[in-house]
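Peer 1: The sequence and its predicted three-dimensional model are supplied below.
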Amino acid sequence: MEITHIEHIGIAVKSIEEQLPYYEGILGLKCYNVETVEDQKVKTAFFKVGQTKIELLEPTGPESTIAKFIEKRGEGIHHIAYATKAVNEALKEVEAKGVRLIDHQTRPGAEGLQIAFLHPKSTGGVLTELCEHP
């Protein structure tokens, strides 16, 4: 597997609107994309910092994994996403090395990415996302 860069850092928030003053007003970042990913029950907002993005994740319902994360752990860093050129092949490779998978195949994510998650019990407690640009 070849990781090309950190694609984004996902941060769970109760409300994107409530967080915008910090990211835009204090940090001086510009939100360039807001979208809802229906099947993941999440609204996302993206900010660019160099080549890396910050992704705010707001739950769109109480059954959202982000809502459950916030309820259990509070707002904060949810995952780190790494870009690779072939996520499905990377999944096979890491699984063969004993890594527990959440996703065995890619699925659609925000910004048109194909994504898959590795289980934090196999990654030092860090929820890890692998991303592939179309």
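Peer 2: Arrived safely.
Peer 1: ok, residues contacting the lowest-mean-pLDDT helix or strand in the chain?
Peer 2: When the helices and strands of the chain are scored by mean pLDDT, DSSP states H and E, strand 107-108 comes last with a mean of 93. Strand 107-108 has contacts (C-beta atoms under 8 Å, 6 or more residues apart in numbering) with Val37, Asp39, Gln114, Ile115, Ala116. For the C-beta atoms, the positions are set from N, CA and C on the backbone; glycine is no exception.
Peer 1: mind running it again at 7 Å?
Peer 2: Gln114, Ile115, Ala116 (C-beta atoms under 7 Å, 6 or more residues apart in numbering).
Peer 1: host element of the second one?
Peer 2: Here Ile115, judged by DSSP states H and E, is contained in strand 114-118.
Peer 1: so how far is that strand from its chain's centroid?
Peer 2: Put simply, strand 114-118 sits 9 Å off its chain's centre (C-alpha atoms, centre = their mean, to the nearest Å).
Peer 1: Next secondary structure element downstream of it?
Peer 2: Note on strand 114-118: by DSSP H and E, the next helix or strand toward the C-terminus is strand 128-132.
Peer 1: coming back round to it: neighbour-wise, which of the contacts of strand 107-108 leads?
Peer 2: Using other C-beta atoms under 10 Å as the neighbour test, the contacts of strand 107-108 are led by Ala116, with 23 neighbours.
Peer 1: Tell me, how many residues neighbour the nearest residue to that residue once chain neighbours are set aside?
Peer 2: Leaving aside its sequence neighbours, Ala116 sits nearest to Asp103 (C-beta to C-beta, 6 or more residues apart in numbering; 3.8 Å). By other C-beta under 10 Å, the residues close to Asp103 number 16.
Peer 1: Now do Asp103 against Glu2, distance only.
Peer 2: Separation of Asp103 from Glu2 (C-beta to C-beta, to the nearest Å) stands at 19 Å.
Peer 1: And Lys85, by the same measure?
Peer 2: Distance of Lys85 to Glu2, given as C-beta to C-beta: 6 Å.
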